[in-house]
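Peer 1: need a structure here:
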Amino acid sequence: MVDATMTGSEGGDDFWNEDSSYTCSNSCGAGYYGECSEATGLSASDPCYVSCGSCVGCSPGKSTNGVAGGSSSASCDSCSFGLAATQSGTTYFESCEAGKYATDNTTAYVIITGASQCVDCPSGSYNDVSESVYCIACEH
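Peer 2: Okay, the predicted model is just below:
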C-alpha cells in the first residue's frame, strides 16, 4: 500500500490512502476556508484539495454554515434574507430577532442577502417576528 499522507500548514491531513481508496480533507474548521489546489489523478468523482495554506475566515455576511474543510472563498455562502454573519469566521448564520432587520449598513434600510448586522428597526417602525426582512411603520 502506498502512503499518500500529506500534512497541511495548519497541521491537518490534506489526503491519505486507506485500503487503496483516497480520503480528502483539510484542517480548516467551519466558517473558514483554505486557498487549496486540486490534486489530480485520484478520482474524478471525489475531488481532493491539497496545499491549502493558512485558513481564512469567511467575510462578514458569509459563512460555511457549519461545514468544515472549505477549499476556497467560494465555500462561503451569503446569508439568506433575515439572517446575518456578524464577524469573519462565523460558524453559523444568526437569526435577526423580532424588532431587528438584517443589513450590511446601519444607516440604510435595505433588504439584502449576505447581511453582516442585525439592526433595530428605524424609529417609528417595528416588526414582531424573527428573520424579518422589513419593518412596519407604526400607525399614529
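Peer 1: Where does pLDDT dip in the protein?
Peer 2: 1-25, 39-47, 49-51, 106-111 (pLDDT under 70).
Peer 1: please redo it, this time with the cut-off set to 80
Peer 2: Along the chain, the parts satisfying pLDDT under 80 run over 1-27, 37-53, 105-111, 133, 140.
Peer 1: so how far is S95 from the spatially closest residue to G114 that is not a sequence neighbour?
Peer 2: Distances taken as CB to CB, 6 or more residues apart in numbering place S78 nearest to G114, at 3.5 Å, with adjacent residues excluded. The C-beta positions use only the backbone N, C-alpha and C, and glycine is treated the same way. Using CB to CB, to the nearest Å, one obtains 15 Å as the distance from S78 to S95.
Peer 1: ditto for C58
Peer 2: 18 Å.
Peer 1: which parts of stretch 52-61 are buried?
Peer 2: C52, C55, V56, G57, C58, S59, P60, G61 (16 or more other CB atoms under 10 Å).
Peer 1: what sits up against it?
Peer 2: 8-10, 14, 26-29, 31-36, 64, 70-71, 73, 75-76, 78-79, 84-90, 104, 114-116 (CB atoms under 8 Å, 6 or more residues apart in numbering).
Peer 1: Any idea how far apart the tips of that stretch sit?
Peer 2: Stretch 52-61 has an end-to-end distance of 23 Å (CA to CA, to the nearest Å).
Peer 1: Test of understanding: give the bridge partners of the residue nearest to G114.
Peer 2: K62 (DSSP bridges).
Peer 1: these two touch, right, it and K62?
Peer 2: Yes - using CB atoms under 8 Å, S78 is in contact with K62, at 5.5 Å.
Peer 1: The two: who's more crowded?
Peer 2: Legend: neighbour count by other CB atoms under 10 Å for S78 and K62, higher for K62 (24 against 16).
Peer 1: what's near enough to touch the more buried one?
Peer 2: Per CB under 8 Å, 6+ apart, neighbours of K62: C76, D77, S78, C79, A85, G114.
Peer 1: Check E131 too.
Peer 2: Counting by CB under 8 Å, 6+ apart, E131 has contacts F81, G82, L83, S95, C96.
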